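> Just the structure for this:
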Amino acid sequence: MLNKTVNNALEEVLCPLEGSYKHILLPFAYSVVFVLGLLLNGAMLWLGCCHTKEWTCTTIYLVNLAGADLLYIFSLLLLIINYAMEDIWLFGELLCKMVRFLFYNYLYGSILLLTCISVHRFLGICYPIRSLAYKTRRLAVIGTAISWILVLQLLPSLIYARTGFINNRTVCYDLTSPDHFSNYYLYGMVLTMSGFLCPFLIILICYCLIIRSLIQSTGNTILTSSAARAKSIWTILLVCGLFAVCLVPFHITRTIYLYVRVHWKADCHLLQGATLFYKIWRPLVGLNSCFSPPLYFLSGQTNTIRQILEWRLHKVDPLPRPTVKGKESVAPRGTPPHAVE
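Sure thing, here's the model as predicted:
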């Protein structure tokens, strides 16, 4: 153990990693994500839990997605303070482990829930009749539960995350301490495959089949309606943009960083470059937490939002209930139908 500590100290002397950019970039980036994510996901959770008359499958997925986002967003407060104080960790090893765990919990939990939403959308568009038996709230709850069970593969990150000392300062290591990188490398590669690459391929296949179905369904009035087409296209663009901007570059730079850190750490310039790209791209992953609310709008929940706005402006009941007229229950005029998923 003493030899490993000495070797790590020698590595820091021979190849010092520039980190001054983190003291400006990361507090600013995390502050922006904290404010936007808290407002947007808080509003989405409030609408989903308090003002949705009947939860659909998509509502179940998106409320869970907002919950995962908010857990991560609250953990950003500690990171903002940490990097604003020039990377000095003041909160102990337990909170260090929790902050790192919540980041990956949010990251891979949201990817798996987006996979559920994509499969749900694929079934609804490509097999609108045959998929009715599978688009139930019970199966949505089961799908959500399976997603969170799969997130348990992140538990080893609680072991690897730890605090340490660099230049007589207590730091909270991003992945793990230098003397555990060789062990973490294999775990990190497996996590990238199971938590990102496999779900990403499923999402890609689903959206390719959806696009083909939309192109071929010119005679189908359900799929060729302008509203259904627009919603499907915007959902595809949003999720693909999320992966292109936030998730794919992060996992590429993270994989390169891990590989260089384990196999090419003697090349100081290469190690510095890999570290820089990874550290810069990491806060951009937090923008992923701001993409959930647009998905809420595109999932057909805009009727609820419109009703709430009308209630705020004109004091109209935001969720009108059927009124009794004679012996028949008649919905008030203007009551929108349930959203079609």
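> could you dump stretch 267-275 to CSV, C-alpha only?
Listed next in CSV are the C-alpha coordinates belonging to stretch 267-275 (Å, rounded to 0.1, in the frame of the first residue of the first chain):
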residue,chain,number,x,y,z
ASP,A,267,2.7,9.4,-22.2
CYS,A,268,2.1,12.6,-20.2
HIS,A,269,0.7,14.7,-23.1
LEU,A,270,-1.7,12.0,-24.1
LEU,A,271,-2.9,11.6,-20.5
GLN,A,272,-3.3,15.4,-20.1
GLY,A,273,-5.4,15.6,-23.3
ALA,A,274,-7.6,12.6,-22.5
THR,A,275,-8.2,14.0,-19.0
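> Would you mark the buried spots in it?
L271, A274, T275 (16 or more other Cβ atoms under 10 Å). Every residue, glycine included, has its C-beta placed from N, CA and C.
> contacting residues around the second one?
This means A274. Neighbour list for A274: T253, I256, Y257, V260, R261 [criterion: Cβ atoms under 8 Å, 6 or more residues apart in numbering].
> Can I get the buried residues of stretch 267-275 in JSON lines including pLDDT, secondary structure and distance to G195?
JSON lines is the format used below for the buried residues of stretch 267-275 (pLDDT from 0 to 100; DSSP: H, G, I helix; E, B strand; the rest coil; distance: Cβ to Cβ, whole Å):
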{"residue": "L271", "pLDDT": "84", "secondary structure": "helix", "distance to G195": "25"}
{"residue": "A274", "pLDDT": "87", "secondary structure": "helix", "distance to G195": "21"}
{"residue": "T275", "pLDDT": "86", "secondary structure": "helix", "distance to G195": "22"}
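> Which residues are in contact with the closest residue in space to I117 that isn't next to it in sequence?
In space, and not counting its chain neighbours, I117 is closest to Y61: 5.1 Å by Cβ to Cβ, 6 or more residues apart in numbering. For Y61, the contacting residues are L113, C116, I117, H120, A140, G143, T144, by Cβ under 8 Å, 6+ apart.
> Looking at the contacts of A274, which two lie furthest apart in space?
Put simply, by Cβ to Cβ the two of those set farthest apart are T253 and R261, 12.0 Å from each other.
> How far does stretch 89-100 sit from its chain's centre?
Stretch 89-100 sits 21 Å away from the centroid of its parent chain (Cα atoms, centre = their mean, to the nearest Å).
> Would you mind listing the buried residues in that stretch?
Across stretch 89-100, burial judged by 16+ other Cβ under 10 Å covers W89, C96, K97, M98, V99, R100.
> my guess is the last one meets S157, correct?
Yes: using Cβ atoms under 8 Å, R100 is in contact with S157, at 6.0 Å.
> Assign T170 to helix, strand or coil.
Secondary structure, DSSP: H, G, I helix; E, B strand; the rest coil: T170 is strand.
> That one and L271: what is the separation?
As judged by Cβ to Cβ, to the nearest Å, T170 and L271 stand 23 Å apart.
> One more: P293?
Using Cβ to Cβ, one gets 38 Å for the distance from P293 to L271.
> For I73, which residues are in contact?
Neighbouring residues of I73 by Cβ under 8 Å, 6+ apart: V33, F34, G37, L38, N41, S289.
> That one: which element?
helix 57-84 (DSSP states H and E).
> what's the answer for G164, then?
Using DSSP H and E, G164 sits within strand 163-166.
> So which bits of that strand are buried?
Those would be T163, G164, I166, for strand 163-166 by 16+ other Cβ under 10 Å.
> export the residues you listed to CSV and tack on distance to L237 and pLDDT?
Output for those, formatted as CSV (distance: Cβ to Cβ, whole Å; pLDDT from 0 to 100):
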residue, distance to L237, pLDDT
T163, 41, 92
G164, 42, 90
I166, 42, 82
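> Many thanks, I have nothing further to ask.
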